[in-house]
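> With the input below, show me the fold.
(one chain, ligands or ions: 1)
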Amino acid sequence: MAKSKKPTLEFDTDWTYDPAPESTDHVTINERYKLFINGRFVAPKSRTYFDTINPATGKKLAEVAAAGEADVNAAVRAARKAADTIWSKMPARERGKYIYRIARLLQERAREFAVIETLDGGKPIRESRDIDIPLAANHFFYYAGWADKLAYAFPGKNPSPIGVVGQIIPWNFPLLMAAWKIAPALATGNTVVLKPAETTPLTALKLAELIQEADLPPGVVNIITGAGATGAALVQHPDVDKVAFTGSTSVGKMIQQSIAGTRKKYTLELGGKAANIIFEDATIDQAVEGIINGIFFNQGHVCCAGSRLFVQESVYPQVIRRLKDRMETLIVGDPMDKNTDIGAINSKEQLDTIKKYLRIGQKEGADMYQTSCSLPRKGYWCRPTLFLNASQSHRIVQEEIFGPVLAVQTFRTPEEGIAKANNTPYGLSGGVWTDKGSKIFKITSQIRAGVIWANTYNKFDPSSPFGGYKESGVGREGGLHGLAPYLNLG
Ligand code: ADP
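Sure thing, here's the model as predicted:
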């Protein structure tokens, strides 16, 4: 590993914050969680359970059911019955009321959800408290509002529900991804079988408890836990009408292959390798803050993370100096501490993947720079990392790392910046930093990506669509666009 050299700071950081851990007194986590099928928690027919751990300590939090094929069948059966007999028949405004109720309950119990999200996933409490949970509630509020307005959303199209939807989500935004999937499906009159990721099942199971409390008719939402095999069984179930998946591009391709030739509809939100482009006329401090947020937010466990940085040559030294200075102030450690900027890597497997790329990057000849912060002894951690002098052919530039690792390159003209940014199989998102509005329009219209932020990064809103081009996905989620994949539009 290359030696990290502490940069000369432009400002004094010779002080530290006192610990400010969030209390866990108000949270209960069961020792064991069953499957949520047909409105009840039921033991898995598979009779198997697996552990979910806290990645910041390595300690077991709870035991969670591993749904087998018979369990998947039971969940899909419950969803089918609810779709045919209750949910699609109910007046749309009544459906909307249930979704509003979920949103309100989530808001009321936001602190509990935030703590569990952080314990199970390793992300800083500040993020789960200020971003994940409020955005999840906002999604339910937003789509509740659409439930009885579908005819206005799609005039002349006679929208009707598709039926039973199988939804599979990843571990980087567990509750938020559940909300992204469940809220539009319910608003459009579909019923759901959702499978959270195996490393972060707890907030989805808490959501199941909340859905029970909201008195949703049994079978409208079913939540089954398990690993890839459970997901595959759900995708391949003949009575699932639509698959909505968020996860890796490799699993997304497998899903696409496995349902090819069937009548199933699908949306896929896959990987990314987003470029942030800084022009010489940008407000450099603001840009640096955005770059930091873009790649180090949630430990870089973000499909739309700004993991490639292109800096216009004339401001390169200045940008790198300030980037290093700012990185040095980032606090890596206890995710439950409100001062923490970068929490734990989600799992040992993911940390191994990130470490593999750190070795690859050095072998390929890029210059690795890591901050000098100390890391906790237990759990899974990675220092914020830069790769300078990276080149287009490097694997660290081409492949998704899903960690706090930023590959930096330079460019001279806007055309060169655009060409380099577009040289990737992905196309999920991007960012541009410039003082000139005209340049923003020029760049954003030429970058091939679904979402582009200008002079900001990683900003989400339920009303704006999200989704990628190329190998980053199929279909859009969020906003009005996010309703269409859940409807037959006659
Ligand atoms: P990540 O790299 O984000 O972990 P994965 O694509 O491996 O992404 O996982 C995302 C979700 O897909 C998880 O819920 C996982 O259990 C599920 N999954 C993994 N393999 C399969 C599969 N073959 N079919 C369906 N779902 C799968």
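> number of nearby residues for the spatially closest residue to Leu106 that is not a sequence neighbour?
The shortest distance from Leu106 to any residue other than its chain neighbours is 4.4 Å, reached at Ala137 (CB to CB, 6 or more residues apart in numbering). For the C-beta atoms, the positions are set from N, CA and C on the backbone; glycine is no exception. When neighbours are counted by other CB atoms under 10 Å, Ala137 registers 25.
> Trp180 now?
Trp180 has 26 nearby residues by other CB under 10 Å.
> likewise Ile360?
For Ile360, the count of nearby residues is 16 (other CB under 10 Å).
> Could you do Ile418 as well?
When counting by other CB under 10 Å, one arrives at 22 neighbours for Ile418.
> before we move on, what about Phe141?
Summarising burial for Phe141: neighbours were counted as other CB under 10 Å, giving 17.
> Let me see the ranges of the strands in the stretch 201-350 of the chain.
Ranges of strands in the stretch 201-350 of the chain, per DSSP state E, counting those that start in this stretch, are 221-223, 242-246, 265-269, 275-278, 308-312.
> Just tell me which of these ends up closest to Leu202.
strand 221-223 (11.1 Å; CB to CB).
> quick one: is that closest one near the ligand?
No: judged by CB under 6 Å from any ligand atom, strand 221-223 stays clear of the ligand, getting no closer than 12.0 Å.
> From Pro44, how far off is whatever residue of the stretch 251-400 of the chain ends up closest to the ligand?
Among all residues of the stretch 251-400 of the chain, Val251 sits closest to the ligand, at 3.3 Å; criterion: CB to the nearest ligand atom. Summarising the geometry, the distance separating Val251 from Pro44, computed by CB to CB, to the nearest Å, is 22 Å.
> Excluding sequence neighbours, find me the nearest residue to the closest residue to the ligand within the chain.
With CB to the nearest ligand atom, the shortest gap between the chain and the ligand falls at Gly231, namely 2.3 Å. Nearest non-adjacent residue to Gly231, counting by CB to CB, 6+ apart: Ile168, 4.7 Å away.
> now Gln350
Here the nearest residue to Gln350 in space, its sequence neighbours aside, is Phe402; by CB to CB, 6+ apart that works out to 6.6 Å.
> How about Tyr469?
Using CB to CB, 6+ apart and skipping the chain neighbours, the partner closest in space to Tyr469 is Gly427 (3.3 Å).
> Correct me if wrong: that neighbour contacts Val474.
No: with contact defined as CB atoms under 8 Å, Gly427 does not count as touching Val474 (11.7 Å).
> got the phi/psi numbers for the residue nearest to Gly231?
The phi/psi pair for Ile168 (degrees, to the nearest 10) reads phi -130, psi 130.
> For it, name its beta-bridge partners.
Lys195, Phe245 (DSSP bridges).
> So it sits against Val243, correct?
Yes: here Ile168 reaches Val243: they are 7.4 Å apart, a contact under CB under 8 Å.
> Residues of this protein that sit close to the ligand?
By CB under 6 Å from any ligand atom, the part of the chain that sits against the ligand consists of 168-171, 195, 197-198, 227-228, 231-232, 235, 247-248, 251, 254-255.
> ranges for the strands of the stretch 1-150 of the chain?
Per DSSP E, counting those that start in this stretch, the stretch 1-150 of the chain has strands spanning 32-33, 35-37, 40-42, 49-53, 60-65. These are given in chain order.
> would a markdown table of these with mean pLDDT and mean neighbour count be doable?
Written out in a markdown table, the entries for these read as follows (pLDDT from 0 to 100; neighbours: other CB atoms under 10 Å):
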| stretch | mean pLDDT | mean neighbour count |
| --- | --- | --- |
| strand 32-33 | 98 | 17 |
| strand 35-37 | 98 | 26 |
| strand 40-42 | 98 | 15 |
| strand 49-53 | 98 | 17 |
| strand 60-65 | 98 | 19 |
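> what does stretch 349-364 contact?
By CB atoms under 8 Å, 6 or more residues apart in numbering, the residues outside stretch 349-364 that reach it are 1-2, 301, 345, 368, 380-382, 385, 387, 390, 394-396, 399, 401-405, 407.
> ok, and for that stretch, which residues are buried?
Buried residues in stretch 349-364, defined by neighbour count with 16 or more other CB atoms under 10 Å: 350-351, 354, 357-358, 360-361, 364.
> and these, which of them are in helices?
The helices in this structure, assigned by DSSP state H, contain 350-351, 354, 357-358, 360-361, 364 from the buried residues of stretch 349-364.
> returning to that earlier point: when Gly427 and Val474 are compared, which one has more neighbours?
Taking other CB under 10 Å, Gly427 and Val474 do not tie; Gly427 has more neighbours (22 against 16).
> how far away is the more buried one from Glu471?
Counting by CB to CB, the gap from Gly427 to Glu471 is 7 Å.
> Also Lys265?
On the measure of CB to CB, Lys265 and Glu471 end up 20 Å apart.
> Equivalent analysis for Phe245, please.
Taking CB to CB as the measure, Phe245 and Glu471 are separated by 14 Å.
> Same question for Arg93.
Distance of Arg93 to Glu471, computed by CB to CB: 40 Å.
> Among the two, which residue is more densely surrounded?
Neighbour totals were compared for Arg93 and Glu471, and Glu471 leads with 20 against 11 (other CB under 10 Å).
> Report the contact partners of that one.
Applying CB under 8 Å, 6+ apart, we find Glu471 in contact with 249, 270-271, 425-427.
> Please, a PyMOL command that selects the buried ones among those?
The following PyMOL line selects those of the contacts of Glu471 that are buried, judged by 16+ other CB under 10 Å:
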select buried, resi 249+270+271+426+427
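> Now go through the contacts of Glu471 and say which are in helices.
In helices, judged by DSSP H, the following of the contacts of Glu471 are found: Thr249.
> Could you chop this protein up by domain?
If you go by automatic domain parsing, the domain ranges for the chain are 32-270+472-489, 275-461.
> and these as CSV, adding distance to Asp25?
Output for the domains of the chain, formatted as CSV (distance: least, CB to CB, whole Å):
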stretch, distance to Asp25
domain 32-270+472-489, 10
domain 275-461, 12
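> what about these, which gets the closest to Pro19?
With CB to CB, the closest approach to Pro19 among the domains of the chain belongs to domain 275-461: 5.7 Å.
> of the contacts of stretch 349-364, buried ones?
Neighbour counting with 16+ other CB under 10 Å marks 301, 345, 368, 380-382, 385, 387, 390, 394, 396, 399, 401-405, 407 as buried within the contacts of stretch 349-364.
> Now go through those and say which are in strands.
Within the buried ones among the contacts of stretch 349-364, membership in strands is found for 368, 385, 387, 405, 407, as judged by DSSP state E.
> so what's Leu194 up against?
Taking CB under 8 Å, 6+ apart as the contact definition, Leu194 lies against 167-169, 178, 181-182, 204, 221-224.
> export these to TSV and tack on pLDDT and distance to Glu112?
Conversion of those to TSV gives the following (pLDDT from 0 to 100; distance: CB to CB, whole Å):
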residue	pLDDT	distance to Glu112
Gln167	98	23
Ile168	98	25
Ile169	98	20
Ala178	98	15
Lys181	98	21
Ile182	98	18
Ala204	98	14
Val221	99	19
Asn222	99	22
Ile223	98	17
Ile224	98	22
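> Buried subset of those as a PyMOL selection?
Applying 16+ other CB under 10 Å to the contacts of Leu194, the buried members can be selected in PyMOL as follows:
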select buried, resi 167+168+169+178+181+182+204+221+222+223+224
